[in-house]
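Q: I'll drop the sequence and a predicted model, then ask my questions.
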Protein chains: 2
Amino acid sequence: MTGGPVDRRDGTRLLRSPRRSGIVEVARMAGVSRQTVSNVINDRAGYNEATRKRVEKAIKALGYRPDRAARSLRSRRTMQLAYHVPLEDLDPLNHPFAVGFLQALILAADAKRYHILTFTAAPNELGPFEDLVAMRVADGFVLSNSAVDDPRAKFLAERHVPFVCMGRLAPHLPQSWVDVDNAGGVASMVDYLVKQGHTDFAYVGYGGANYWDIEREEGFRLGLHRNGISPTARSIVRVNGGDLHSSISRLLQRPARPRTVVTGSDLIASVAFGVAYMCGLAPGRDLAITGFDGTWLHNLFEPPLTTVRIPLAAIATALVVRCLEEIEDGPVERPGLIVPTEIFAGSSA
Amino acid sequence: MTGGPVDRRDGTRLLRSPRRSGIVEVARMAGVSRQTVSNVINDRAGYNEATRKRVEKAIKALGYRPDRAARSLRSRRTMQLAYHVPLEDLDPLNHPFAVGFLQALILAADAKRYHILTFTAAPNELGPFEDLVAMRVADGFVLSNSAVDDPRAKFLAERHVPFVCMGRLAPHLPQSWVDVDNAGGVASMVDYLVKQGHTDFAYVGYGGANYWDIEREEGFRLGLHRNGISPTARSIVRVNGGDLHSSISRLLQRPARPRTVVTGSDLIASVAFGVAYMCGLAPGRDLAITGFDGTWLHNLFEPPLTTVRIPLAAIATALVVRCLEEIEDGPVERPGLIVPTEIFAGSSA
DNA sequence: TTGAAAGCGCTAACAG
DNA sequence: CTGTTAGCGCTTTCAA
């Protein structure tokens, strides 16, 4: 038998460094107590500069990283944020946005040494939320695609679980959200187009109940109004996933077709491109087309799409910062944050 | 002062159930030792049916879920898989695929009560991998977009960290990968088209060094060959992100333009659609076009795209199963798994 | 400024 | 089949 207190043959392969070096080994190497090592790691006070140097040298030499589980158990912090990934087929039109958002979120969290844990749930299914909360898998939640009166937000608020939301929430819910200035974005696009000399506008947006679709359409009206242009009833076309192609076709085949089409998403714009070509109109020359989102999609456009860009990095950073504040300090009484958009100037308009 | 052993005022809000009910409370309620409760939870042997019933009743009554950190610390299992999300702008053409894959992965992991933790790293940057391994944040890794000789795979293999890979790996690396039958997929598409009466083929694929692009092109040749058709040198067009539009334009404006265009991705197909319209050709009528991937993108096509569908759910499930086996049993000596594709019949061809 | 003691909530190992 | 004992690796608390 070996001399150790317990003879543990470690048959199964676990996730471990080549040579395990606990905090004690670091302490021994640096000639301090393990407490001091802990203090240095969590940069708390309680040691002098020389000590810190020695400890850090030992940490580097041993390649030491504190064990996450042990740390979490003691400190009650998992250093993880749970992100509810919207269900695949529920809103495929949001996909171009989804990848960029996740990426931005991961990077924003990383800057605060946090990780993003992803999960899904069927619509109105709160079980997965329950589980994560009860098992304490994450310190807080990130929601996107939120309804104004979101059941997930309601649930988390009731449970006093820290969370943030990409998308505004009704006043009776915590105002821990960050959102895009949808109306302002479209309105500023109209401004931009008017400056280019455009006067003959139409708008194509989703006709769903999502507040952002309503706001973008509102932004179109606002933009026209403040430029002294009055929209005709027929200049606003509401589409949904299914009739995208045919609706836009009809619009462009009107006897008096518009010369400038502002749309509520890059995806709609992409379909408009196709229809334009189909009608023998070259986007950017015979017909101006603009989008909304500014995701990777515009790599596909020919000519490059002029669009309203959603500043994902700024949004993700704001979300993470707010979430960590909620985690640290409890409910933060503060209004939601509305982030302005930018115009991405392509040559489609 | 309170009567408890320690007077802990809990000022900061943590992620916790409304009423915390440890395993001891469940044990007391069920009238058993806490070990028995643990056994029931982890469905190990060591109790009779009646006991189990009582314990489960108590668990439900108290809404008890074992604390993840405590569990991980003791059992050395985090119940998490780390998924390396490819960097945003590195390969935007892969995005349509990315969302669906992540979703499939989350669901596959969930079926095994595992969670997916996402992270990114700059190209050839292994630091984030180091960190996750050393802190034991996950039990294993999932990689996608792998190169055949992937440095990430090499690193993890050297460290004896369990991992799986979406995409084949060179023989000197662990064969813990799952991949699509790229060649077979395109070849079967050619079969399908020949059955429809097509004879006049061209192929448009990425000209990059990715093996899957090479394989898809190879599949095209194979498909033609086994149908007794010989490809002309000019019938295969290699494109890259930038010249997509112009290359396809040139192809379709040849004096003897092909009547059937097989492509290496839905994205290429989408551009081909645009160009076809631009040339006054209706896809599905004047020109057959097919894709590869079968993601949500085909929601956009008019008419619906005929494409080679990658079975994401099957792939994700296979990946998770293999990864858990590696975690449980150590390195599994077993060849990589190649998953067959399916034809999604739209009306573009 | 540092060190020692205690214990986070659970599961592994072994004794009844 | 059940209960007891130990301790995962770290941070918190408190005493020196």
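A: All right, it came through fine.
Q: distance of A:N42 from DNA strand C?
A: Relative to DNA strand C, A:N42 is positioned 13 Å away (Cβ to the nearest atom of the strand, to the nearest Å). Every C-beta, even on glycine, is put in place using the N, C-alpha and C of the backbone.
Q: check A:R54 too.
A: For A:R54, the distance to DNA strand C - Cβ to the nearest atom of the strand - is 9 Å.
Q: close to DNA strand D: what parts of the stretch 51-200 of chain A are there?
A: For the stretch 51-200 of chain A, the residues in contact with DNA strand D (Cβ under 7 Å from any atom of the strand) are A:64, A:66-67, A:70-71, A:73-75.
Q: what's the farthest-apart pair in those residues?
A: A:Y64 and A:L73 (18.3 Å; Cβ to Cβ).
Q: got the phi/psi numbers for the nearest residue in space to A:I310 that is not next to it in sequence?
A: Leaving aside its sequence neighbours, A:I310 sits nearest to A:V180 (Cβ to Cβ, 6 or more residues apart in numbering or on different chains; 5.2 Å). Torsion angles at A:V180 (phi, psi; degrees, to the nearest 10) stand at phi -90, psi 150.
Q: A:V180 touches A:G219, doesn't it?
A: No: between A:V180 and A:G219 there is no contact under Cβ atoms under 8 Å: 10.8 Å.
Q: near chain B, list only the ones from the residues of the stretch 51-200 of chain A next to DNA strand D.
A: A:64, A:66-67, A:70, A:73 (Cβ under 8 Å from any Cβ of the partner chain).
Q: can you give me the helices for the stretch 101-250 of chain A?
A: A:127-135, A:151-158, A:182-195, A:211-226, A:244-252 (DSSP state H, counting those that start in this stretch).
Q: in a markdown table: those, plus mean neighbour count.
A: Listed next are those as a markdown table, based on neighbours: other Cβ atoms under 10 Å in any protein chain shown:
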| stretch | mean neighbour count |
| --- | --- |
| helix A:127-135 | 19 |
| helix A:151-158 | 18 |
| helix A:182-195 | 21 |
| helix A:211-226 | 20 |
| helix A:244-252 | 19 |
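Q: now these in CSV, with mean pLDDT and distance to B:G223?
A: CSV is the format used below for those (pLDDT from 0 to 100; distance: least, Cβ to Cβ, whole Å):
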stretch, mean pLDDT, distance to B:G223
helix A:127-135, 96, 43
helix A:151-158, 96, 47
helix A:182-195, 98, 46
helix A:211-226, 95, 44
helix A:244-252, 91, 30
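Q: so can I have TSV of those showing distance to B:V261?
A: TSV is the format used below for the helices of the stretch 101-250 of chain A (distance: least, Cβ to Cβ, whole Å):
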stretch	distance to B:V261
helix A:127-135	43
helix A:151-158	44
helix A:182-195	35
helix A:211-226	35
helix A:244-252	20
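Q: right, and those - which one's nearest B:A288?
A: helix A:244-252 (19.0 Å).
Q: where's the residue nearest to A:L337 when sequence neighbours are not counted relative to DNA strand D, distance?
A: Nearest residue to A:L337, sequence neighbours excluded (Cβ to Cβ, 6+ apart): A:V178, at 4.6 Å. Computed as Cβ to the nearest atom of the strand, the A:V178 to DNA strand D distance reads 28 Å.
Q: neighbours of the residue in the stretch 201-349 of chain A that DNA strand C sits nearest to, just the number please.
A: Per Cβ to the nearest atom of the strand, the residue of the stretch 201-349 of chain A with the smallest distance to DNA strand C is A:I327, at 17.0 Å. By other Cβ atoms under 10 Å in any protein chain shown, 22 other residues sit near A:I327.
Q: how about residues contacting the helix or strand containing it?
A: In this structure, A:I327 is located in helix A:312-329 according to DSSP states H and E. Contacts with helix A:312-329, where a contact means Cβ atoms under 8 Å, 6 or more residues apart in numbering or on different chains, come from A:77, A:81, A:100-101, A:103-105, A:107-109, A:111-112, A:114, A:139-142, A:162-166, A:176, A:178, A:180, A:332, A:337, A:339, B:12-15.
Q: chain center to that helix, what's the gap?
A: Computed by Cα atoms, centre = their mean, to the nearest Å, the chain-centroid distance of helix A:312-329 equals 11 Å.
Q: what comes up buried for that helix?
A: Within helix A:312-329, the residues that count as buried by 16 or more other Cβ atoms under 10 Å in any protein chain shown are A:312, A:314-327.
Q: that's all I had, so thanks and see you.
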